[in-house]
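Asker: got a structure for you, letters missing:
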């Protein structure tokens, strides 16, 4: 069997107030999808920020249910922030036995769909099949496979243009006590996973045209993002998100117009504080 994990499909932020977070990301220059409401049992809703090949999701609890108790507990314990990596696969059903053969344990395949409000006032249905990895084998957050059954409903052309020029996920960045060990674990989760040293930490390549995973110690992470209040990232967790932008000057101009503070770094990137991004260090770089 071939390895079924082909790269990163999307990532999500778990947020305290979905409306507030959506407003923040609009001010940051992103085009936000209309609110998508999940089932009554889930009691959650989302907005997506769609790029050319991947996307960022804002996920919030809109009514308390037994089904969203884990999310509510996580918000109470850690606060809002980046919590998940969803990975590409051709078939969630085929992936389960293939991963088992590789020694990677998973739960059961789950199928779900949700109504999808469209910007023009119409509606559609987005359908997915997912497969969650065994949390005991995963160092950080939620890690799962996502089979996109209706990709045309997610990657809507009208959602892919962003005033700030953002056009893709570059890297999902974590703070961990053991960067090399953690990176090696994640490298084994991908068909083309490869670990390399980078800037005092470790970078995991995850596939063709796919965002990387990066792992840094608290000290190295703090040195990379000086001046930021990083006290919320004292424990192992995803902490920063790097995004590609087609025009860094355009990104700066959009942020300046919104009156949201940002820092232009000596690495030729632009960084926005977690205070203005619902709990994640947001970095823009040209690409």
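Answerer: In hand now; what should we look at? All figures in this text were calculated on a predicted structure; none of them were measured in a lab.
Asker: which SSE is residue 77 in?
Answerer: For residue 77, the element it lies in under DSSP states H and E is helix 69-78.
Asker: so who does residue 255 touch?
Answerer: Residues in contact with residue 255 (C-beta atoms under 8 Å, 6 or more residues apart in numbering) are 28-29, 164, 262, 270, 272. Any C-beta I mention is one placed from the backbone N, CA and C, and that applies to glycine too.
Asker: Residue 22 now?
Answerer: Contacts of residue 22 by C-beta under 8 Å, 6+ apart are 32, 35, 47, 58.
Asker: next one: residue 49
Answerer: By C-beta under 8 Å, 6+ apart, the contact list for residue 49 reads 25, 30-33, 55-58, 159, 162, 166.
Asker: Narrow the contacts of residue 22 to those in helices?
Answerer: Judged by DSSP state H, the contacts of residue 22 include no members of helices.
Asker: Now a PyMOL select for only the buried ones of the residues you listed.
Answerer: Applying 16 or more other C-beta atoms under 10 Å to the contacts of residue 22 leaves a buried subset, and the PyMOL line that selects it is:
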select buried, resi 32+47+58
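Asker: that older thread, from the contacts of residue 49, pick the one nearest residue 148.
Answerer: Proximity of these to residue 148, judged by C-beta to C-beta, is greatest for residue 55, which lies at 10.4 Å.
Asker: so the closest one bridges to which residues?
Answerer: Counting by DSSP bridges, residue 55 forms beta bridges with residue 10, residue 50.
Asker: Hmm, residue 8 and it touching each other?
Answerer: No - contact criterion C-beta atoms under 8 Å: residue 55 and residue 8 do not qualify, at 10.1 Å.
Asker: overlap in contacts of the two?
Answerer: Joint contacts of residue 55 and residue 8 (C-beta under 8 Å, 6+ apart) are residue 169.
Asker: Can you list the residue ranges for strands in the stretch 1-150 of the chain?
Answerer: 8-15, 36-37, 44-50, 55-61, 81-88, 110-117, 123-132, 142-148 (DSSP state E, counting those that start in this stretch).
Asker: Could you dump the ones you listed into CSV with distance to residue 94 and mean pLDDT added?
Answerer: Shown next, in CSV, are the strands of the stretch 1-150 of the chain (distance: least, C-beta to C-beta, whole Å; pLDDT from 0 to 100):
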stretch, distance to residue 94, mean pLDDT
strand 8-15, 16, 97
strand 36-37, 27, 83
strand 44-50, 26, 94
strand 55-61, 24, 95
strand 81-88, 13, 96
strand 110-117, 14, 82
strand 123-132, 10, 91
strand 142-148, 9, 96
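Asker: Dump the ones you listed into JSON lines; add distance to residue 188 as well.
Answerer: JSON lines is the format used below for the strands of the stretch 1-150 of the chain (distance: least, C-beta to C-beta, whole Å):
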{"stretch": "strand 8-15", "distance to residue 188": "15"}
{"stretch": "strand 36-37", "distance to residue 188": "33"}
{"stretch": "strand 44-50", "distance to residue 188": "29"}
{"stretch": "strand 55-61", "distance to residue 188": "25"}
{"stretch": "strand 81-88", "distance to residue 188": "13"}
{"stretch": "strand 110-117", "distance to residue 188": "23"}
{"stretch": "strand 123-132", "distance to residue 188": "17"}
{"stretch": "strand 142-148", "distance to residue 188": "12"}
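Asker: Isn't residue 252 up against residue 262?
Answerer: Yes - at 7.1 Å, residue 252 and residue 262 qualify as touching, with contact defined as C-beta under 8 Å.
Asker: So the two - more neighbours on which side?
Answerer: residue 262 (20 against 17; other C-beta atoms under 10 Å).
Asker: residues touching that one, list them.
Answerer: Contact partners of residue 262, counting by C-beta under 8 Å, 6+ apart, are 252, 255-256, 270-272.
Asker: mind redoing it with 6 Å?
Answerer: For residue 262, the contact set (C-beta atoms under 6 Å, 6 or more residues apart in numbering) comprises 255, 270, 272.
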